[in-house]
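# coordinates only, sequence not included:
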């Protein structure tokens, strides 16, 4: 079972890696042509709202509420499962359509309220409003695509859903390379890239669903007990499963008060999202259907054992990834983004934000994996309550730290809030007997800490060593990362065999 779980996570992670590589190319091009500027702040703000909902639906509340119910119905009656999915699709379509129309009408009020930093310049505010009116359609397309992704995930088909973001990134690349001159400015160029990417992503995932003989379409929905059960889990899960995204939205809103603040946070978060998506999100998305089935079958011992092992795998990669990102932040940002409109000043500011995000990376990943213990049991209320506490913690810390550290205060607050979230989740999981740490977990954790410390010493040695040689920066960074990874996993294999 663990091997099957690892295989599913590997497929998800591999395609996520491909997507993130294209995503890095996208961000390199944005940094090259737009850099850190008013236009970049405006676009990142315009993209934040639909992207926020995308992450909630694709990686959070929708998947966590839908998959356990749909999986249970698949076990007993596939026809009822399809009827349930069609009802959800119909409701989702009409709700999203009304929401998009509402946001089109009231976008001036929404943007001026959420991003107060644009209010001082009417031209910037108008551009942010117009760009947001274009990007908000992505919300409709990607949320519908996420329903089909959740269906495929429930069937154990993770490849199609995890490859969908590749389309978004490729669309950005095409628009930036070949269609820059077709729009008044690059904010419009990027906004229309989002719009067309959403259409293509929806077509892509529907095509794969049809291959699985899943044919559903919007019709007048029937409100039955299954729908009520879904929304009872979904609405609290919107808050409970997306603390990081809500904190990031709050951070972006406050960052609009600082020139370039939105862009600094965006670029740092993009790098931090790579290991988070490949490890935390990949493991949690693939764990949910399996853990749900084990709990439904009352195989609690096996479920807890699997949960411990998946958490151990998450930590195995999260801790060295955090050390590497923190220690090599400046080099990574310089190589990826520093060119043309993105200068050494921007490199230093973004790398500082990345270092702080990296410190919180293990917490981000552990939260993603541990909260599945609630969602697999259909309990979304406890994560919701914890999330509300963490939102207030983040907001209070934001207002405190920005007085001393500016935009970096927002990142510091998010990092602290992530560990508060982790602590409260663990406490509640243990209290409810949803999870218990097995003895081998602590031995494994000790091994990870020891070899991570050795890897850190090796990184320090390499950094001092490279100062004596005038080599191409990309080559030095590639060698440093690859050799450190080889050392880390070799030591882990040795210690694991000796201790465990």
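Thanks, I have it. Everything numeric here is computed off the predicted structure, so don't read it as measured data. Residues are numbered from 1 along each chain as shown.

# any idea of the mean pLDDT in whichever helix in the chain runs longest?
When the chain is scanned for its longest helix (criterion: DSSP state H), the result is helix 78-114. Per-residue pLDDT over helix 78-114 has a mean of 89.

# by contact count, what packs against that helix?
helix 38-59, helix 61-76, helix 122-135, helix 137-154, helix 225-240 (3 or more CB pairs under 8 Å, 6 or more residues apart in numbering; DSSP states H and E). For every residue, glycine as well, the C-beta is placed using N, CA and C.

# can you do 10 Å?
Under the contact criterion of 3 or more CB pairs under 10 Å, 6 or more residues apart in numbering; DSSP states H and E, helix 78-114 touches helix 38-59, helix 61-76, helix 122-135, helix 137-154, helix 225-240, helix 243-255.

# what would the ones you listed look like in TSV with mean neighbour count and distance to residue 386?
Output for the helices and strands packed on helix 78-114, formatted as TSV (neighbours: other CB atoms under 10 Å; distance: least, CB to CB, whole Å):
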stretch	mean neighbour count	distance to residue 386
helix 38-59	24	16
helix 61-76	21	14
helix 122-135	19	30
helix 137-154	24	23
helix 225-240	18	7
helix 243-255	23	8
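
# So which of the ones you listed is nearest residue 405?
helix 243-255 (12.2 Å; CB to CB).

# What is the subsequent helix or strand relative to that closest one?
helix 261-275 (DSSP states H and E).

# what's the distance between the next helix or strand after that following helix and the middle of its chain?
Where DSSP H and E defines the elements, the next helix or strand beyond helix 261-275 is helix 282-296. In this view, helix 282-296 has its centroid 18 Å away from the chain centroid, taken as CA atoms, centre = their mean, to the nearest Å.

# just stretch 432-439 next, same as before
26 Å.

# Equivalent analysis for stretch 204-215, please.
25 Å.

# State the mean pLDDT of that stretch.
87.

# for stretch 358-372, same thing?
Rounded mean pLDDT across stretch 358-372 is 91.

# Next: stretch 412-429.
On average, stretch 412-429 scores 94.

# Contacts for stretch 428-441, please.
295, 300, 303-305, 307-309, 311-312, 315, 370-374, 376-377, 379, 382-383, 385-386, 425-426, 444-445, 499-500 (CB atoms under 10 Å, 6 or more residues apart in numbering).

# Can you go through those residues and name the buried ones?
295, 303-305, 307-309, 311-312, 315, 370-374, 376-377, 379, 382-383, 386, 425-426, 444-445 (16 or more other CB atoms under 10 Å).

# Could you report the distance from residue 423 to residue 417?
11 Å (CB to CB, to the nearest Å).

# what is in contact with the two at once?
363, 390.

# ok, these two, which is more surrounded?
The residue with more neighbours, out of residue 423 and residue 417, is residue 417; 27 against 13, by other CB atoms under 10 Å.

# Tell me how far that one lies from residue 456.
Taking CB to CB, one finds residue 417 at 25 Å from residue 456.

# from the middle of its chain, how far away would the longest helix of the chain be?
The answer for helix 78-114 is 21 Å, by CA atoms, centre = their mean.

# In that helix, which residues have enough neighbours to count as buried?
81-93, 96, 100, 103, 107, 110-111, 114.

# Contacts only, for the nearest residue to residue 37 once chain neighbours are set aside.
Leaving aside its sequence neighbours, residue 37 sits nearest to residue 341 (CB to CB, 6 or more residues apart in numbering; 6.7 Å). Going by CB under 10 Å, 6+ apart, residue 341 touches 30-37, 39-40.

# Now residue 341: phi and psi?
phi -80, psi 0 (degrees, to the nearest 10).

# nearest residue to residue 262 other than its sequence neighbours?
residue 41 (4.4 Å).

# Do I have it right that the one you found meets residue 115?
Yes. If you go by CB atoms under 10 Å, residue 41 and residue 115 touch, sitting 8.6 Å apart.

# tell me, what's touching the two both at once?
124, 128, 252, 255-256, 262.

# out of these, which one sits closest to residue 183?
Out of the shared contacts of residue 41 and residue 115, the member with the shortest distance to residue 183 (by CB to CB) is residue 128, at 15.6 Å.

# need the contact list for the closest one.
Counting by CB under 10 Å, 6+ apart, the residues that residue 128 touches are 38, 41-43, 45-46, 107-108, 111-112, 114-115, 117-119, 121, 187, 256.

# and what of residue 80?
70, 73-74, 226.

# tell me which of those residues is nearest to residue 209?
For those, the nearest to residue 209 is residue 70 (12.9 Å; CB to CB).

# any idea how far the nearest residue to that closest one once chain neighbours are set aside lies from residue 129?
The shortest distance from residue 70 to any non-neighbouring residue, by CB to CB, 6+ apart, is to residue 154 (4.8 Å). To residue 129, residue 154 is 39 Å away according to CB to CB.

# Equivalent analysis for residue 495, please.
Taken as CB to CB, the spacing of residue 495 relative to residue 129 amounts to 56 Å.

# Residue 258 too?
20 Å.

# and if you look at residue 18?
Where residue 129 is concerned, residue 18 sits at a distance of 35 Å (CB to CB).

# What of residue 160?
35 Å.

# buried stuff in stretch 173-191?
173, 175-176, 185-191.

# re the thing from before, going by distance to residue 333, which of the contacts of residue 341 wins?
residue 31 (9.3 Å).

# Just confirm that closest one contacts residue 271, I think it does.
No. Under the criterion of CB under 10 Å, residue 31 makes no contact with residue 271, lying 11.7 Å away.

# so who does the residue nearest to residue 133 when sequence neighbours are not counted touch?
Leaving aside its chain neighbours, residue 133 sits nearest to residue 107 (5.3 Å; criterion: CB to CB, 6+ apart). Contact analysis of residue 107 by CB under 10 Å, 6+ apart lists 46, 49, 128-133, 136.

# could you dump those residues to a markdown table with distance to residue 150 and pLDDT?
Shown next, in a markdown table, are these (distance: CB to CB, whole Å; pLDDT from 0 to 100):
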| residue | distance to residue 150 | pLDDT |
| --- | --- | --- |
| 46 | 27 | 90 |
| 49 | 22 | 80 |
| 128 | 32 | 93 |
| 129 | 32 | 95 |
| 130 | 33 | 95 |
| 131 | 29 | 95 |
| 132 | 27 | 94 |
| 133 | 28 | 96 |
| 136 | 22 | 93 |
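
# Farthest-apart pair in those, please.
Maximum distance among the contacts of residue 107 (CB to CB): 13.8 Å, for 49 and 130.

# quick revisit: and the direction of the longest helix of the chain versus that of helix 61-76, what angle?
180 degrees (axes from the mean of the first three to the mean of the last three CA atoms, to 10 degrees).

# For the remainder of this discussion, apply numbering that starts at 83.
OK, 83 is where the count begins now, so the last one is helix 160-196.

# got the angle for helix 160-196 vs helix 325-337?
Going by the same axes, to 10 degrees, helix 160-196 makes 20 degrees with helix 325-337.
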